[in-house]
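> have a look at this prediction, sequence included:
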Amino acid sequence: MDNRVSIRNVSKIYGKGCDSCIELTGPEHGRNRCPKCGTIVACADIGFDVYPGEVLGIVGESGSGKSTLVKTLYFDEAPTTGEFYLQDFEEGLSNVYGLSSLQKRYIRNHLMGMVYQNPHLGLRLDYSAGGNIAEKLLMADWNHVGDIRERAKELLTKTEIPIERMDDKPKYFSGGMQQRVQISKALANNPPLLLLDEVTTGLDVSVQASVLDLIRQIGRELGISMIVVSHDFSVIRMLTNRTIVMKNGRIVEQGLTDQIMEDPQHAYTQLLINSLI
């Protein structure tokens with residue numbers, strides 16, 4: 001089975017950097033700021049694969065580097081070093097980090113969807129719900145207004161947004177409904193890869209449950225590969241097949257989600273899971 005996504009040696013640092021940055025940061029030091037030069041090592045030497053239809057979780061506390069990592073995958077941030085191969089682009093032979101901005105835009109518009117923690121980042125709150133989906137479809141080369149509108153209706157129905165709200169602006173929606181519109185927009189182009197960054201943070205518990213149910217159902221129905229970022233192991237347990245645990249910009253543990261939940265090996269993973277009990 002070919003990997004849908006392959007990530008190799010990805011690092012992202014903020015600052016001028018020095019020879020000691022990697023050596024003096026990380027979980028064993030309990031920090032991601034270099035004590036010599038003040039550079040922030042957001043993540044370092046990250047590598048993993050994601051398979052077709054697989055849901056991979058990335059879990060860790062705030063500052064662990066998980067969101068920064070996902071932002072490099074969606075080209076919101078440029079990595080300092082590393083390689084990223086996507087099977088659906090040139091059969092996974094090109095490091096997409098090294099492509100032109102035009103090629104990256106193609107990948108972002110045709111092959112990926114992103115759902116941000118803050119809907120303000122993923123939606124234009126002054127556009128209608130349907131208009132937000134239309135924007136993604138237009139970028140993916142849809143050009144027939146009737147087809148776009150039908151696709152928007154289909155997606156909003158799938159994410160349980162009432163069709164009569166299609167022409168309303170998301171700024172008038174609840175947080176849970178805004179996340180549903182964001183999911184609709186992210187799915188508009190049938191992407192093989194969906195990225196979800198802390199999508200239930202700040203939502204009421206009952207709303208969280210319905211959003212998570214929706215994501216799980218979409219994964220089953222469409223067979224999309226997903227990368228789910230969360231600080232909450234209960235979200236990871238509900239959605240993912242396999243999990244990476246990050247702390248201070250490094251991977252400290254990875255494996256099948258069930259195995260990690262039942263028998264965590266790293267002290268930090270044990271702490272995260274015990275906080276659930």
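Perfect, thanks for sending it.
> lowest-scoring secondary structure element of this protein by mean pLDDT?
Ranking every helix and strand in the chain by mean pLDDT, DSSP states H and E puts helix 205-222 at the bottom, with a mean of 88.
> kindly report the domain assignment for the protein.
Residue ranges for each domain of the chain read 1-111+193-198+214-277, 117-190, as given by automatic domain parsing.
> strands of this protein, residue ranges please.
Counting by DSSP state E, the chain has strands at residues 5-14, 40-50, 55-59, 81-86, 112-115, 193-197, 225-230, 242-247, 250-256.
> give me the below-cutoff pLDDT ranges for the chain.
For the chain, the stretches flagged by pLDDT under 70 are 1, 277.
> quick one: the helices in it, in order.
In the chain, the helices defined using DSSP state H lie at 66-73, 101-110, 119-122, 129-139, 145-158, 175-187, 205-222, 233-239, 257-262, 267-274.
> can I get the ones you listed in CSV with mean neighbour count and distance to L24?
The C-beta positions use only the backbone N, C-alpha and C, and glycine is treated the same way. As requested, the helices of the chain are exported to CSV (neighbours: other CB atoms under 10 Å; distance: least, CB to CB, whole Å):
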stretch, mean neighbour count, distance to L24
helix 66-73, 23, 19
helix 101-110, 15, 33
helix 119-122, 18, 32
helix 129-139, 21, 42
helix 145-158, 16, 47
helix 175-187, 24, 38
helix 205-222, 16, 38
helix 233-239, 21, 29
helix 257-262, 16, 28
helix 267-274, 16, 19
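> turn these into CSV, including distance to I58.
As requested, those are exported to CSV (distance: least, CB to CB, whole Å):
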stretch, distance to I58
helix 66-73, 5
helix 101-110, 19
helix 119-122, 18
helix 129-139, 24
helix 145-158, 25
helix 175-187, 17
helix 205-222, 15
helix 233-239, 8
helix 257-262, 11
helix 267-274, 12
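> show me the one of these that comes nearest K36.
helix 66-73 (21.2 Å; CB to CB).
> packing partners of the closest one?
If contacts are counted by 3 or more CB pairs under 8 Å, 6 or more residues apart in numbering; DSSP states H and E, helix 66-73 sits against strand 5-14, strand 40-50, strand 55-59, strand 81-86, strand 193-197, strand 225-230.
> now those as JSON lines including distance to D126 and mean neighbour count?
As requested, the helices and strands packed on helix 66-73 are exported to JSON lines (distance: least, CB to CB, whole Å; neighbours: other CB atoms under 10 Å):
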{"stretch": "strand 5-14", "distance to D126": "31", "mean neighbour count": "19"}
{"stretch": "strand 40-50", "distance to D126": "32", "mean neighbour count": "21"}
{"stretch": "strand 55-59", "distance to D126": "32", "mean neighbour count": "25"}
{"stretch": "strand 81-86", "distance to D126": "32", "mean neighbour count": "19"}
{"stretch": "strand 193-197", "distance to D126": "23", "mean neighbour count": "23"}
{"stretch": "strand 225-230", "distance to D126": "27", "mean neighbour count": "26"}
